[in-house]
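*Asks:* my questions are about this predicted structure, shown below with the sequence.
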Amino acid sequence: MDEFQQQDRDYDQGKQTNGEEDCPQTYEDFWRSSINQNDERLRDAGKDPYEPLKEPFGKHGNRLKRGLPQDDVYLCYGCAKTTSAKLECCQCLEIFRERASCAANDDWERAFFCSNDCYVNHWEEHKERHGPSTAGPTRMDSRIHEFEAAKGYGALWDSDLLKRLNFAKCVPIW
Ligand SMILES: [Zn+2]
Ligand SMILES: [Zn+2]
C-alpha cells in the first residue's frame, strides 16, 4: 500500500492524519484535497498538472478513442497502409485490455496489420512494444499503474476466422 492509499484508508476510517486540512469535512473539501495531492504527485513525476489533457494520437497520426481510430479508418500498424480491423496483434490487445481495466482514459493504441507478412516483417521493431509499461499519474488518479510484458510468440487475432494465428518466426524478447 502506498502513502496515498494509506491516507485514503485513514480517511475512510475517520482518522485524522495531518491536522485539519487533511481531514475534510465535506465531499467538496475531500475532492479538492485529493486533486491537490494528485497535482503534487504529477509534479513529482515531472509532469505539469495544468497541461490540458492531450487527445491521443496513434502511431501514424490518426486520432484515437479507446485505442481505436476515431474515424474508423484503420491504418496498418506496420506499413501505415489503409486496412481493416480484421487482423489484430494479440499481445497488444492483451496489454490494451489490462491497461483499460485499471487506467481510465488510457491512450494505448490497439495494433492492426494489413497482412500476416506485414506483421512478420515488422516484428523486429514491433516486439519492443510488448514490454512492461506504465500508465499515470493523471490529475484524476495519482497512482502509477505498472503492467507486465505480454508474453509469447507474435500472434494475430483473425476476427473473420475467429482464430489466433501464431508465428514461429516472431520470437519474443519477454
Ligand atoms: Zn501493413
Ligand atoms: Zn503487438
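*Replies:* Good, I have the coordinates. Ligands and ions are numbered 1, 2, ... in the order given.

*Asks:* quick one, strands of this structure?
*Replies:* 64-65, 68-69, 74-75, 82-83, 87-89, 133-135, 145-147, 155-158, 163-166 (DSSP state E).

*Asks:* what residues does this structure put near ligand 1?
*Replies:* Where proximity means CB under 5 Å from the ion, the interface of the chain facing ligand 1 comprises 76, 78-79, 114, 118. Heads up, the C-betas are built off the backbone N, CA and C, glycines and all.

*Asks:* mind putting those into JSON lines with neighbour count?
*Replies:* JSON lines is the format used below for those (neighbours: other CB atoms under 10 Å):
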{"residue": "76", "neighbour count": "21"}
{"residue": "78", "neighbour count": "23"}
{"residue": "79", "neighbour count": "14"}
{"residue": "114", "neighbour count": "20"}
{"residue": "118", "neighbour count": "19"}
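
*Asks:* ligand 2 next: which of those residues are close?
*Replies:* The subset of the residues of the chain next to ligand 1 lying close to ligand 2, counting by CB under 5 Å from the ion, is empty.

*Asks:* relative to ligand 2, which of those residues is nearest.
*Replies:* residue 78 (10.0 Å; CB to the ion).

*Asks:* now do the contacts for the closest one.
*Replies:* 113-114, 118-119, 121-122, 126 (CB atoms under 8 Å, 6 or more residues apart in numbering).
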